[in-house]
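> sequence first, predicted coordinates after that:
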Amino acid sequence: GESVGLHLPTLSVQEGDNSIINCAYSNSASDYFIWYKQESGKGPQFIIDIRSNMDKRQGQRVTVLLNKTVKHLSLQIAATQPGDSAVYFCAENSGGSNYKLTFGKGTLLTVNP
Amino acid sequence: GAVVSQHPSRVICKSGTSVKIECRSLDFQATTMFWYRQFPKKSLMLMATSNEGSKATYEQGVEKDKFLINHASLTLSTLTVTSAHPEDSSFYICSAANSNQPQHFGDGTRLSIL
């Protein structure tokens, strides 16, 4: 999950296991959240989003959970594959009209074969 | 859908050179484009927000005369790093959005100033 410090938080899992990546967001007024995946040397890739009127949303092999009470967001990846290895960022939009996002620090997911 | 193309992917040039980076939304009209800078193993740092046909809004601490942004059409924004110096070396990433599309990102430009 997210943490303060110089080093990127890391999560190491075995291929086939489920992964859970956590994010604590900062603004209680945020009403829209996105998870992005960033592979080395590339730009962030949209994975899944969720609005604040929902607490769960599922995609293909991914599920996002939102707990507004404690300002917590998680990304669950089922049957993690080596191709899932990347840095994952959560992002929040605080309701501004300009689609502006605030990004978390990121979590490095490493999938071991 | 929602493809964003960024060019060039890598630039190496001498100190004092100005460098232009292009960001294009290929299959949707981007009313808003964003420019980020990313340091190794760090998160994305927003530099500026640009709306088509308007002046860009720069984040605190970002020099607007150093990082010139133009968003002349709904599919193209450019970032020009003027008189680049080694401390400007970084990974620059753009994104594009509209009312139907959240931010989708280009693949970044690795800028190296010698």
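Everything's here; your move. Given the structure is predicted, the values throughout are model-derived calculations rather than measurements.
> chain neighbours aside, what residue packs nearest to the residue of chain B found nearest chain A?
Of all residues in chain B, B:Phe105 sits closest to chain A, at 3.6 Å by CB to the nearest CB. Where you see a C-beta, it was placed from the backbone N, CA and C, and this is true even at glycine. Computed as CB to CB, 6 or more residues apart in numbering or on different chains, the closest residue to B:Phe105 that is not its neighbour in sequence is A:Gly43, at 3.6 Å.
> show me the contacts for that neighbour.
Taking CB atoms under 8 Å, 6 or more residues apart in numbering or on different chains, we find A:Gly43 in contact with B:4, B:6, B:93, B:95, B:105-108.
> report pLDDT for it.
On pLDDT, A:Gly43 comes in at 96.
> do the same with A:Glu2
41.
> repeat that for A:Lys100.
pLDDT, A:Lys100: 88.
> so is the residue nearest to B:Phe105 in a helix, a strand, or just coil?
With DSSP: H, G, I helix; E, B strand; the rest coil as the basis, A:Gly43 sits in coil.
> elements contacting the one helix or strand B:Ala97 maps to?
Assigning secondary structure by DSSP states H and E places B:Ala97 in strand B:90-98. Where contact means 3 or more CB pairs under 8 Å, 6 or more residues apart in numbering or on different chains; DSSP states H and E, strand B:90-98 is packed against strand B:4-7, strand B:19-25, strand B:32-38, strand B:76-81, strand B:101-105, strand B:109-113.
> same thing but 10 Å
strand B:4-7, strand B:19-25, strand B:32-38, strand B:44-51, strand B:67-73, strand B:76-81, strand B:101-105, strand B:109-113 (3 or more CB pairs under 10 Å, 6 or more residues apart in numbering or on different chains; DSSP states H and E).
> most neighbours among the contacts of A:Gly43, which one is it?
B:Ser95 (30 neighbours; other CB atoms under 10 Å in any protein chain shown).
> who are the contact partners of that residue?
Applying CB atoms under 10 Å, 6 or more residues apart in numbering or on different chains to B:Ser95 gives the contacts A:36, A:43-44, A:46, A:99, A:101, B:4, B:6, B:23, B:25, B:30, B:32-36, B:44, B:46, B:49, B:77, B:101-106.
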